[in-house]
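[1] here's a sequence, model it:
(2 chains)
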Number of protein chains: 2
Amino acid sequence: MSVEIERKFLVTDERWKTMGQGVLLRQGYLSSSPERIVRVRIEGEGAMLTIKGRTVGATRSEWEYPIPLEDAQAFLDNLCERPIIEKYRYRIPYQGLTWEVDEFLGENSGLVVAEVELESEDQAFAKPAWIGQEVTHDARYYNANLLRHPYVRW
Amino acid sequence: MSVEIERKFLVTDERWKTMGQGVLLRQGYLSSSPERIVRVRIEGEGAMLTIKGRTVGATRSEWEYPIPLEDAQAFLDNLCERPIIEKYRYRIPYQGLTWEVDEFLGENSGLVVAEVELESEDQAFAKPAWIGQEVTHDARYYNANLLRHPYVRW
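    Just a heads-up that it's a prediction; the model follows:
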């Protein structure tokens, strides 16, 4: 089990796009309940099953299990809740931390969010110039909620 | 992925109880939706995460991943839907097949079901004398449904 402390922000422009290479993530949910998320994710040739407990503040317990790619493919194709979420993820180092910028596709096209993982909730950190408003506590931006209320319908 | 073909029966008396040793199973659900079951089970010192697709006839796709005991404990204690299902399982060999007899505890006390796993849906098999009515297609007996409608409330 690990504890994930993340803060999430909107971006103000596209400067981040030139700072890293985007990789395609395909992910779906076997459970999208905020009490017990079960997420399937394929990134390149790797696949992961991730279980998450409820978020308290910016903190969430998380358990990750690597699974065979063909299992993940079967879950995304046949079992997961619809729709599947697809996004390009850019990993951008900035002053000792890594910012993950997710550019969503499909029904969430137009949405871009940037996340930074911290060691503690009160950790100070520097923000790149293209980081905008914080949305850590705005449930609309939870990936699991983007299934039911995709960005194009906001 | 494996395909699980199982038929489920009630029992007519307690003769099975002298034919094997019961082991305690504790199991809970991260998803109890019939479309995508995610089950956590502890048996002895072993723990398993099992994902199941929808049942068609007596057949269901199933994927199993061994997980650390402490992870399973955390899921059962903190994440899974309530209540947790506890049952003693007796494995009883009979004419080349193994019958699994589950004696439920807690809110499902009084319920005993016997399952046999087959190679094909039309496989012929011999039934022990203590096997009663078939309930394979009766959704009330699905373990995931015993959460919401436990036997004591039938």
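[2] nearest to chain B: which residue in chain A?
    residue A:31 (4.1 Å; CB to the nearest CB). Quick note: C-beta positions are derived from backbone N, CA and C, even for glycine.
[3] for that residue, give me phi and psi.
    The phi/psi pair for residue A:31 (degrees, to the nearest 10) reads phi -140, psi 130.
[4] for residue A:36, same thing?
    phi -160, psi 80.
[5] that one: how many residues sit nearby?
    As a burial measure, residue A:36 scores 22 neighbours (other CB atoms under 10 Å in any protein chain shown).
[6] in the lowest-mean-pLDDT helix or strand in chain A, which residues are buried?
    Lowest on mean pLDDT, DSSP states H and E among the helices and strands of chain A sits helix A:143-148, with a mean of 87. For helix A:143-148, a neighbour-count test (16 or more other CB atoms under 10 Å in any protein chain shown) marks A:143-144, A:146-147 as buried.
[7] over to residue A:102. Which of the three states is it?
    Counting by DSSP: H, G, I helix; E, B strand; the rest coil, the backbone at residue A:102 sits in strand.
[8] helices along chain A, start to end?
    A:69-74, A:143-148 (DSSP state H).
[9] can I get those in a markdown table with distance to residue A:11?
    What follows is the helices of chain A, written out as a markdown table (distance: least, CB to CB, whole Å):
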| stretch | distance to residue A:11 |
| --- | --- |
| helix A:69-74 | 29 |
| helix A:143-148 | 16 |
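[10] mind putting the ones you listed into JSON lines with distance to chain B?
    Written out in JSON lines, the entries for the helices of chain A read as follows (distance: least, CB to the nearest CB, whole Å):
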{"stretch": "helix A:69-74", "distance to chain B": "5"}
{"stretch": "helix A:143-148", "distance to chain B": "12"}
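[11] minimum distance to residue A:59: which of the ones you listed has it?
    helix A:143-148 (16.7 Å; CB to CB).
[12] dump the closest one to CSV, restricted to CA.
    The C-alpha trace of helix A:143-148 is given here as CSV (Å, rounded to 0.1, in the frame of the first residue of the first chain):
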residue,chain,number,x,y,z
ASN,A,143,-11.1,10.6,-13.6
ALA,A,144,-13.9,8.3,-12.3
ASN,A,145,-16.4,11.2,-12.6
LEU,A,146,-15.2,12.0,-16.1
LEU,A,147,-16.9,8.7,-17.1
ARG,A,148,-20.4,9.9,-16.1
